[in-house]
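Enquirer: whatever this is, show me its structure:
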Amino acid sequence: MADPVNKKILLKILIGAAWIDGVIQPEERNYLHRVAKEHNLSQDPEIKPLLQEFVSVKPDQCYDWVRQYLGDRPSAEDCQNLIEASSALIYSDGEVAVEEAKFLHRIQLLTPEDDAGPEPLQKIALRAIRKLYQNWVNKQY
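Expert: Next comes the predicted model:
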């Protein structure tokens with residue numbers, strides 16, 4: 001994903017994913033700002049108003065960006081990258097809203113079966129869920 005256009009679209013997707021449950025959590029906000037800074041997009045005219053939350057992102061807009069990012073024939077690698085990036089954002093606050101889980105599931109459904117690569121996306125999702133659960137258990141005790 002070295003292409004600057006793809007980085008920008010991916011960041012827009014992540015911002016949309018943060019809004020998908022209707023609220024950007026502080027941990028999600030921090031994650032988004034860190035990613036924007038890492039990719040030198042904090043001052044981008046399209047990204048800046050989204051990062052500053054002047055504009056909320058509706059789920060339909062987020063899914064449009066997903067289609068733009070993945071194209072008509074997404075590769076398993078592109079889907080996996082999107083799931084990993086989205087999972088990192090979604091799990092950053094230690095809670096997964098129903099809408100966020102549905103978002104990850106919809107992306108997973110876009111992954112081509114015959115191009116799944118050495119590690120199926122189910123394992124990635126399961127690993128992320130285990131990590132979330134472990135973080136929750138650690139906070140309880």
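Enquirer: middle-most residue in this structure, spatially?
Expert: For the chain, the residue nearest the mean C-alpha position is Ser86 (1.9 Å; CA atoms, centre = their mean).
Enquirer: now Ile24: phi and psi?
Expert: phi -90, psi 120 (degrees, to the nearest 10).
Enquirer: wait, it sits on Gly16?
Expert: No: at 10.5 Å, Ile24 does not count as touching Gly16 under the criterion of CB atoms under 8 Å. In this view, the C-beta of every residue, glycine as well, is placed from N, C-alpha and C.
Enquirer: and the helices in this structure, which stretches?
Expert: 4-19, 26-38, 47-51, 59-70, 76-90, 98-110, 121-140 (DSSP state H).
Enquirer: quick check: the residue nearest to the centre of the chain vs Gln43, distance?
Expert: 24 Å (CB to CB, to the nearest Å).
Enquirer: tell me how far the nearest residue to Val35 once chain neighbours are set aside lies from Leu89.
Expert: Ranked by CB to CB, 6 or more residues apart in numbering and with sequence neighbours excluded, the top spatial neighbour of Val35 is Leu11, at 6.1 Å. Distance of Leu11 to Leu89, computed by CB to CB: 10 Å.
Enquirer: okay, and the common contacts of these two?
Expert: Shared contacts of Leu11 and Leu89, defined by CB atoms under 8 Å, 6 or more residues apart in numbering, comprise Leu32.
Enquirer: buried residues in stretch 32-45?
Expert: 32, 35-36, 39, 41-42, 44 (16 or more other CB atoms under 10 Å).
Enquirer: between the residues you listed, which is nearest Ala97?
Expert: Leu32 (16.3 Å; CB to CB).
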